[in-house]
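Q: fold the following.
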Amino acid sequence: MKAVEPIIVIDLFEPLLGHLLGLLSRLDEQDWGRATPCQEWTVKDVALHLLGDDIGLLSRGRDKETTSLLPPGPDLVSRINAQNQLWVEAARRMSPRLLCDLLEHTGHQVIDYFRSLSLMEMNGVVSWAGPDPAPVWFDLAREYTERWHHQQHIREGVGQPGLTEATFLTPVLDTFGRALPWTFRAVEAAEGTAVALHVMGDAGNQWFLVRQEGKWSLFTEHASAPMTVVTMKQEMAWRLFTKGMAKEQAMEDASIEGNKAFAEVLFEAVAILA
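A: Model prediction:
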């Protein structure tokens, strides 16, 4: 067996930002108001959300500003959604030109901040992968997927091709795959039971969930035959993990071999919060 390895994306933030700024600079007034797959947000709203993410990250992470933290409450997702919506509604008066200028300014500051961090340090939690402390590289990989998939929303809104070449999409799918052990946390199975996910495409890969010592662990290679094999296209995979495709539709379009009960759980995997 071969365990999954760290996902190092530090060098991808700059080209990803460059693609975003290049795309936004070409939009006309009508484009900014186009609908996107992101709830009821327009292209401009999604761009404003990305700016809000930058400002929050720099304030909380780099500058240690505690007043930007979420208020207490039982439902984290609802609180995040409410905070995001409040920011977007307040910032809509901003012009597209100013928005682009600010995204360039904050984007480069975020990249500089990320480069100042120690990637192997245990410093935080990636909540959709479980409550345990997460290494910095994993938190940065999560930040990368956030920026990548919201740029996909903008690109879909204006009818532009997505950044789906392997350079950009492979680390997205690899990061999303880390949600699987937490997704299966309540599933009991015999020691050594394996469930395989094969993602087809230039950016695809395969992962094996294996039951070991009372918990599920993730591998990229496994010698024994899995109890369940799920095969899907890379386009379907990233949409499923980001709530962009319903579980029922995904199960209909994917190939499922073996124990369907394990597949039912796999299609519940989510790698975003809000």
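
Q: spell out the residue ranges of the strands in the stretch 1-150 of the chain.
A: 2-3 (DSSP state E, counting those that start in this stretch).

Q: could you list the low-pLDDT ranges of it?
A: 68-74 (pLDDT under 70).

Q: what's the longest helix in this structure?
A: The longest helix of the chain (DSSP state H) is helix 136-157.

Q: helix or strand right after it?
A: Heading C-terminal from helix 136-157, the first helix or strand you meet, by DSSP states H and E, is helix 166-177.

Q: quick one: contacts for the spatially most central residue of the chain?
A: The residue lying closest to the centre of the chain (C-alpha atoms, centre = their mean) is Thr145, at 3.6 Å. The neighbourhood of Thr145, defined by C-beta atoms under 8 Å, 6 or more residues apart in numbering, consists of Pro171, Val172, Thr175, Phe176, Ala271, Ile272. C-beta: built from backbone N, CA, C; applies to glycine.

Q: cutoff 7 Å now
A: Val172, Thr175, Phe176, Ala271 (C-beta atoms under 7 Å, 6 or more residues apart in numbering).

Q: before we move on, what about Gly157?
A: Neighbouring residues of Gly157 by C-beta under 7 Å, 6+ apart: Arg34, Ala35, Thr36, Val43.

Q: circling back to that earlier point, mind putting the contacts of Thr145 in TSV, pLDDT and neighbour count included?
A: Below are the contacts of Thr145 laid out as TSV (pLDDT from 0 to 100; neighbours: other C-beta atoms under 10 Å):
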residue	pLDDT	neighbour count
Val172	98	27
Thr175	98	23
Phe176	98	26
Ala271	95	26
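
Q: looking at those residues, which is nearest Glu257?
A: Distance to Glu257 across these (C-beta to C-beta) is lowest for Phe176, with 21.3 Å.

Q: check the gap between that closest one and Trp128 for me.
A: Using C-beta to C-beta, to the nearest Å, one gets 9 Å for the distance from Phe176 to Trp128.
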